[in-house]
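Participant: Kindly generate the corresponding structure for this input.
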Amino acid sequence: MSVSAEPLDTPRMREFLSKVTGPYNQDFVRLSPSSCVMPARYMDIAQRVIDFEVRPDDVWIVTYPKCGTTWSQEMIWLVMNNFDYDTAYKIPLHERTPFIEFSSILKPMADLGPHSIEACAKLKSPRFIKSHLPLQLLPKQLWTVKPKIIYVVRNVKDTIVSYYHHYNLWSDVSMSLDEFAQFFTEDLPMYNPFWTHVLDFWNIRNEPNVLFYSYEDMKADLASVIRRVGEFLGKPVPEEQMPKILDHLSVEKMRSNPHANLQEVAEYVRKQSGLPSATAAGKHFIRSGKVGGALNELSAAMRQKIDSWTVECLRGSDYSGPR
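Facilitator: Model (predicted):
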């Protein structure tokens, strides 16, 4: 299978990018297969990702952005590494669980250490690999070698709110949240379309090597999700470990632990891009970690519009997860 790209240079895309200052303002393409929006520079490795050699004991953490990826990465790594908190506090999460396409979505990252795809390839087994790519753009060996794949979904309105703030962390944006949400429903931000991303994994959720859960599941009963993950990975979690891992994975601890989030990497990217400090501006990689925040941030009219759009996107599916 090969990947092709069509330049995404429409008036609406140009309008969207005119409101973004920094590394997220670059040339974008729409890929085939998948219709996924990615930076044009991603085509440098698109085929390498498709052809990436998968190992049977890999663990792949796949999500649309801002759906609980970092939270899940830290949880999964600790469960699989016998709750080695000392190492978790010494080695950054992005080194323990590298983000396979990262170097090819942000130019400053290409100049920082080995390319992310090479970092993934060189990891000792068992490897933990993160991606936001849709199913069709992931390594084809995932479907023959069948390693463990964990997919995390989130309510779309909360995802939009978090993604808006994420855009405004890595770059500076001069649009309102409602404006961003409108662009989101038009599939213009990177990694869209959202619902295609979710439904493709929803449809394989019952495969024995796939675990599908939600951000809302984690917020409602994190201990239960930790147990599910442990059972799925063949590493049952002793109950005596539960208090410490729950404390370690709290929003407050994750936000304050520089090795459990990408705040310092975002600061590097901003500095290389000539942007002021994110931390000084009150922009954080891990924010509130709440469920239902969209109710307070999106307008009622936009929430209704997103709901109507969602109904259309889900028409004909049996999806019953958060929306």
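Participant: What pLDDT does the model give the residue nearest in space to the middle of the chain?
Facilitator: The C-alpha lying nearest the average C-alpha coordinate of the chain belongs to Pro65 (CA atoms, centre = their mean; 3.1 Å). In the predicted model, Pro65 carries a pLDDT score of 97.
Participant: Without its sequence neighbours, what residue ends up closest to it?
Facilitator: The shortest distance from Pro65 to any residue other than its chain neighbours is 5.2 Å, reached at His132 (CB to CB, 6 or more residues apart in numbering). From N, CA and C alone the C-beta is placed, and that goes for glycine too.
Participant: And the one you found, how far from His166?
Facilitator: When CB to CB, to the nearest Å is the yardstick, His132 and His166 sit 11 Å from each other.
Participant: next one: Thr97
Facilitator: Taking CB to CB as the measure, Thr97 falls 18 Å from His166.
Participant: For these two, indicate the residue with more neighbours.
Facilitator: More neighbours sit around Thr97 than around the other of Thr97 and His166, counting by other CB atoms under 10 Å; the figures are 23 against 20.
Participant: Look at the nearest residue to the more buried one once chain neighbours are set aside and report its pLDDT.
Facilitator: For Thr97, ignoring the flanking residues on the chain, the nearest one in space by CB to CB, 6+ apart is Phe128 at 4.1 Å. Phe128 is assigned a predicted lDDT (pLDDT) of 98.
Participant: Pull the contacting residues for Phe128.
Facilitator: 58-59, 61, 73, 76-77, 80, 96-97 (CB atoms under 8 Å, 6 or more residues apart in numbering).
Participant: From these, pick the one nearest Pro258.
Facilitator: Pro258 has its nearest neighbour among the contacts of Phe128 in Arg96, at 13.5 Å by CB to CB.
Participant: Hmm, Trp77 and the closest one touching each other?
Facilitator: Yes: under the criterion of CB atoms under 8 Å, Arg96 is in contact with Trp77, at a separation of 5.3 Å.
Participant: looking at it, Ser171 is touching Thr21, isn't it?
Facilitator: Yes: counting by CB under 8 Å, a contact exists between Ser171 and Thr21, whose distance comes to 6.0 Å.
Participant: what residues are shared contacts of these two?
Facilitator: Residues touching both Ser171 and Thr21 comprise Leu275, with contact defined as CB under 8 Å, 6+ apart.
Participant: Those two - which one has more neighbours?
Facilitator: Counted by other CB under 10 Å, Ser171 and Thr21 do not tie: Ser171 has more neighbours, with 22 against 15.
Participant: That one and Leu106: what is the separation?
Facilitator: In this structure, Ser171 lies at 10 Å from Leu106, with CB to CB as the measure.
Participant: residue boundaries of the helices in the stretch 51-200 of the chain?
Facilitator: Counting by DSSP state H, counting those that start in this stretch, the stretch 51-200 of the chain has these helices, from start to end: 69-80, 85-88, 93-96, 107-110, 116-122, 142-145, 156-170, 177-185, 194-202.
Participant: can you redo these as JSON lines with mean pLDDT and distance to Arg315?
Facilitator: Putting the helices of the stretch 51-200 of the chain into JSON lines (pLDDT from 0 to 100; distance: least, CB to CB, whole Å) gives the following:
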{"stretch": "helix 69-80", "mean pLDDT": "97", "distance to Arg315": "28"}
{"stretch": "helix 85-88", "mean pLDDT": "94", "distance to Arg315": "43"}
{"stretch": "helix 93-96", "mean pLDDT": "94", "distance to Arg315": "38"}
{"stretch": "helix 107-110", "mean pLDDT": "78", "distance to Arg315": "38"}
{"stretch": "helix 116-122", "mean pLDDT": "96", "distance to Arg315": "36"}
{"stretch": "helix 142-145", "mean pLDDT": "98", "distance to Arg315": "27"}
{"stretch": "helix 156-170", "mean pLDDT": "96", "distance to Arg315": "15"}
{"stretch": "helix 177-185", "mean pLDDT": "98", "distance to Arg315": "15"}
{"stretch": "helix 194-202", "mean pLDDT": "98", "distance to Arg315": "10"}
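Participant: If anything else comes up later, I'll come back, but that's it for now.
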